[in-house]
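Colleague: sequence first, then the predicted structure:
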Amino acid sequence: MERISLSTTPERSPGPDAMMTDDNAMLKRLHELRSEHRDLDTVIERLVHHPLNQLQLQRLKKRKLQLKDEISWIETRLIPDNIA
């Protein structure tokens, strides 16, 4: 069954202001992720010298990889691909 809109105003796509907000939110998130990634570097470096904490070390390394993946994902959204 076809859906009919009863709205009297035309549907709008997000304008530049909405996109700017999304970009700003992604930039903020990117900054937070990079900061956490750097912090994990420091913690991991300390734990490497204490072999008793291997499980914690593995978890931190896994989290660091997750952060790196999310950082890469956001960067690809913010930096347009100009290959044409």
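Modeller: Structure received.
Colleague: what helix or strand does Glu45 sit in?
Modeller: helix 16-48 (DSSP states H and E).
Colleague: that helix packs against which elements?
Modeller: helix 54-78 (3 or more Cβ pairs under 8 Å, 6 or more residues apart in numbering; DSSP states H and E). Every C-beta, even on glycine, is put in place using the N, C-alpha and C of the backbone.
Colleague: with adjacent residues omitted, what lies nearest to Glu36?
Modeller: Among residues not flanking Glu36 along the chain, Leu67 sits closest, at 5.9 Å (Cβ to Cβ, 6 or more residues apart in numbering).
Colleague: in contact with that neighbour, which residues?
Modeller: 33, 36-37, 40 (Cβ atoms under 8 Å, 6 or more residues apart in numbering).
Colleague: mark which of those residues are buried, thanks.
Modeller: 33, 37, 40 (16 or more other Cβ atoms under 10 Å).
Colleague: let me know the distance separating the second one from Lys61.
Modeller: This points to His37. 12 Å (Cβ to Cβ, to the nearest Å).
Colleague: could you do the first one as well?
Modeller: Counting by Cβ to Cβ, the gap from Leu33 to Lys61 is 16 Å.
Colleague: any idea which residue sits dead centre in this protein?
Modeller: Residue closest to the average C-alpha location in the chain (Cα atoms, centre = their mean): Glu70, at 4.1 Å.
Colleague: model confidence for the residue lying closest to that residue once chain neighbours are set aside, exactly?
Modeller: Distance criterion Cβ to Cβ, 6+ apart; nearest residue to Glu70, sequence neighbours excluded, is Leu33 at 5.7 Å. Leu33 is assigned a pLDDT of 96 by the prediction.
Colleague: what separation do you get for Leu33 and Gln66?
Modeller: 10 Å.
Colleague: so Met26 touches Leu78, yeah?
Modeller: Yes: contact criterion Cβ atoms under 8 Å: Met26 and Leu78 qualify, at 5.8 Å.
Colleague: sorry, back to before: Val48 versus the residue nearest to the centre of the chain, what's the distance?
Modeller: Distance, Glu70 to Val48, using Cβ to Cβ: 24 Å.
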